[in-house]
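Asker: sequence plus the predicted model coming up.
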Amino acid sequence: MEDIRVRIAPSPSGNLHVGTARTALFNYLFAKKNNGKFVLRIEDTDLERSNEAYTQNIFDSLKALGLNWDEGPDVGGNYGPYKQSERFDIYPKYAQMLVEKGYAYECFCTQEELEAEKEESMRNKTAHVYSGRCRNLTEEQKAQFRAEGRKPSIRFHVPKGKEIVFNDMVKGELKFKTDLIGDFVIMKSNGTPTYNFAVVIDDMLMKINHIIRGEDHISNTPKQILIYEALGAEVPTFGHLGMILAPDRSKLSKRHGATAVSEFVEKGYLTEALVNFVALLGWSPSDGNEIKTVDEIAQDFRIHEVSSSNSVFEYDKLNWMNGQYIKKLDLKVLAEKLKPYLTKYDLNELTEEQYLKMVEITREPLTLLSDITDDVPYFFGEYPEIDDEARAHIDSEIGQMVLKDVMSKIDGWDFNNLHQILEDFRTYFKEQGIKAKITMWAVRAAVTGRTRGADMCGIMEVLGKDKVKKRIQAVIK
RNA sequence: AGCGGUAUCGUCUAGUGGUCAGGACGGGAGAUUCUCAUUCUCCAAACACGGGUUCAAUUCCCGUUACCGCCGCCA
């Protein structure tokens, strides 16, 4: 059996979109599962919208997600070049070949004529298919048009009365009548190929034999099959994935929040969580365990079991999953990943050891890496900013009593053994009828300026005895 | 309008011609904790509708509805 080859062919007209990322993922999973090759091709035919920065973003995002390609613009391969803009010279000859064999013909229709045709069918409320008026032009007519300065496009001659049938890996058998497909353009009058033509030529030349893509491409498929057949090439096996929708069931767009993988990263999502989440949109694990690495998923992946319906991208589960991944992350790795979200603080105030300790005690509630920003201000600066609730605890009679008591004892406290000390401290007040909660609230309020936060022992340990004393002293009346 | 696709808790999904229709997120209740959170336990929550086929349909068939996609010399 021939090796399986799949590809992802993003166009660099924007940063890598999560939808594209999911398509890439499913291609990657399919390739890994079947020991195939995953190739990356950049479809930058549209020079005006394409941009080098986006190409770089696509590379970076794919890598960050762990979707490494076997062949591509940067790593090369036997079927390059892998950038469509470097392949412009190869399309015309195939188009020419199709013309010579009678599968395609030159079309001299102008934009205006085409639009008129379209409006006509709109008026008649019928589906618009190109009339095919240029199909049988004589040499004289063509010469005449050329003399007028008209540049022809090349249209594929779609055979009438046929039915194109293919067995989609996710949707099953799909049928299309060719009568509903108008002769479509394969080479624009400016000499560049259209999408439908370029993909087929590229996929054929790159020996791509399985094409997994979004279902927005379903209606392109019969056209592409027609081209493969005219070329005498083997038709690949297709698989069309349902779309990812926003919660309001519309296309996922900027107004719903992040859409590009890099934006998710900036917001504090871990790429491991993002791929895992996105894999669950359409695919489900056979063992019920939803938290899985890409490689684990690949082992369990069967394209035929992928759901063929659309799915809604809900942040709730992504957030939960991101939290799960943060909890599992190695402390040092996490500490490093958190740094970009702590730029408003002077990390030099803490030793490496203190910093790690801080991360250790504040990591638990994190959903997004960026949550850390607002969770740790009291580790920095001389005195914390005290909020109203904390102020109330500090100023209360019990609060002042507790704090004075701390000050009277703190010099004797061993900050390496705070757990036991604070335990005893709480018990001491408990015996006087003061709840542990209230006792600790006073301490917490004085030291952090807040009523909620990380473990008090940990906080005091990171801050050190001197700073803790200073802060408490400052609020005692 | 036409063509194509899809339809199980709010969301992602599992599943079957006879099931208490399962799980996860989210929601609710409780427990734990120095707080918030975490964690743990429990609870509520679904087979779109109408016809068939069948002893039996959520499951198979047809239709309706809803939603999505496509109808470019964009990709």
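Answerer: Sure, I can see it. Note that this is a predicted model, so its numbers are computed, not measured.

Asker: distance check, A:Ile211 against RNA strand B.
Answerer: 13 Å (C-beta to the nearest atom of the strand, to the nearest Å). The way it works is simple: take the backbone N, C-alpha and C, and place the C-beta from them, glycine included.

Asker: helix, strand, or coil at that residue?
Answerer: Look at A:Ile211: counting by DSSP: H, G, I helix; E, B strand; the rest coil, its state is strand.

Asker: that one contacts A:Gly239, correct?
Answerer: Yes. The pair A:Ile211 / A:Gly239 is scored as a contact, 7.0 Å apart, by C-beta atoms under 8 Å.

Asker: is it fair to say A:Phe238 lies in a strand?
Answerer: Yes. Counting by three-state DSSP, A:Phe238 is part of a strand.

Asker: and A:Glu461, what is it in contact with?
Answerer: A:Glu461 sits next to A:Lys357, A:Phe415, A:Asn416, A:Leu418 when contact means C-beta atoms under 8 Å, 6 or more residues apart in numbering.

Asker: make sure it is indeed in a strand.
Answerer: No. Per three-state DSSP, A:Glu461 lies outside any strand segment and is helix.

Asker: close to RNA strand B: what parts of the stretch 51-200 of chain A are there?
Answerer: A:107, A:109-111, A:114, A:118, A:125-130, A:153, A:171-172, A:174-177, A:180, A:184-185, A:188-190, A:192, A:194-196 (C-beta under 7 Å from any atom of the strand).

Asker: how does it look with 6 Å?
Answerer: Selection of the stretch 51-200 of chain A residues close to RNA strand B by C-beta under 6 Å from any atom of the strand yields A:109, A:114, A:118, A:125, A:127-128, A:153, A:171-172, A:174, A:176, A:180, A:185, A:188-190, A:194-195.

Asker: of these, grab the buried ones for ChimeraX.
Answerer: In ChimeraX, this line selects whichever of these come out buried by 16 or more other C-beta atoms under 10 Å:
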select /A:109,114,153,171,174,176,185,189,194,195
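
Asker: looking at the residues of the stretch 51-200 of chain A next to RNA strand B, which are in strands?
Answerer: Judged by DSSP state E, strands contain the following of those: A:Ser153, A:Gly172, A:Leu174, A:Phe176, A:Val185.

Asker: which of these sit farthest apart?
Answerer: The most widely separated members of these, counting by C-beta to C-beta, are A:Ser153 and A:Gly172 (35.0 Å).

Asker: can you pull out the strands in chain A?
Answerer: Using DSSP E, strands in chain A cover A:5-8, A:37-40, A:104-107, A:153-156, A:163-168, A:172-177, A:185-187, A:210-214, A:237-241, A:244-245, A:311-312.

Asker: distance of the closest residue to A:Tyr82 other than its chain neighbours from A:Arg123?
Answerer: Nearest non-adjacent residue to A:Tyr82, counting by C-beta to C-beta, 6 or more residues apart in numbering: A:Pro73, 4.4 Å away. Going from A:Pro73 to A:Arg123 by C-beta to C-beta, to the nearest Å gives 47 Å.

Asker: which one's more surrounded, these two?
Answerer: For the pair A:Pro73 and A:Arg123, the greater number of neighbours falls to A:Pro73 (20 against 8), based on other C-beta atoms under 10 Å.

Asker: I'd like the distance between A:Asp424 and A:Ala442.
Answerer: 16 Å.

Asker: RNA strand B contacts on the stretch 201-350 of chain A?
Answerer: So far as C-beta under 6 Å from any atom of the strand goes, the stretch 201-350 of chain A lies against RNA strand B at A:215-216, A:218-220, A:243, A:249-251, A:280-282, A:284, A:288, A:290, A:307-312, A:314, A:316-317, A:320.

Asker: among these, which are in helices?
Answerer: Per DSSP state H, helices hold the following members of these: A:Asp316, A:Lys317, A:Trp320.

Asker: name only those of the residues you listed that count as buried.
Answerer: Taking 16+ other C-beta under 10 Å as the criterion, nothing in these is buried.

Asker: closest to A:Asn78 among these?
Answerer: A:Lys317 (40.9 Å).

Asker: now, which of the contacts of A:Glu461 lie close to RNA strand B?
Answerer: Applying C-beta under 6 Å from any atom of the strand, the subset of the contacts of A:Glu461 adjacent to RNA strand B is empty.

Asker: out of those residues, the closest to RNA strand B would be?
Answerer: If you rank the contacts of A:Glu461 by distance to RNA strand B using C-beta to the nearest atom of the strand, A:Leu418 comes first, at 9.0 Å.

Asker: thought A:Leu463 was touching that closest one, still the case?
Answerer: No. Applying C-beta under 8 Å as the test, A:Leu418 and A:Leu463 come out as separate, 11.1 Å apart.

Asker: counting by contacts, list what the lowest-mean-pLDDT helix or strand in chain A packs against.
Answerer: Every helix and strand of chain A was ranked by mean pLDDT, DSSP states H and E. The lowest is helix A:111-123, at a mean of 80. Using 3 or more C-beta pairs under 8 Å, 6 or more residues apart in numbering; DSSP states H and E as the contact criterion, no helix or strand is in contact with helix A:111-123.
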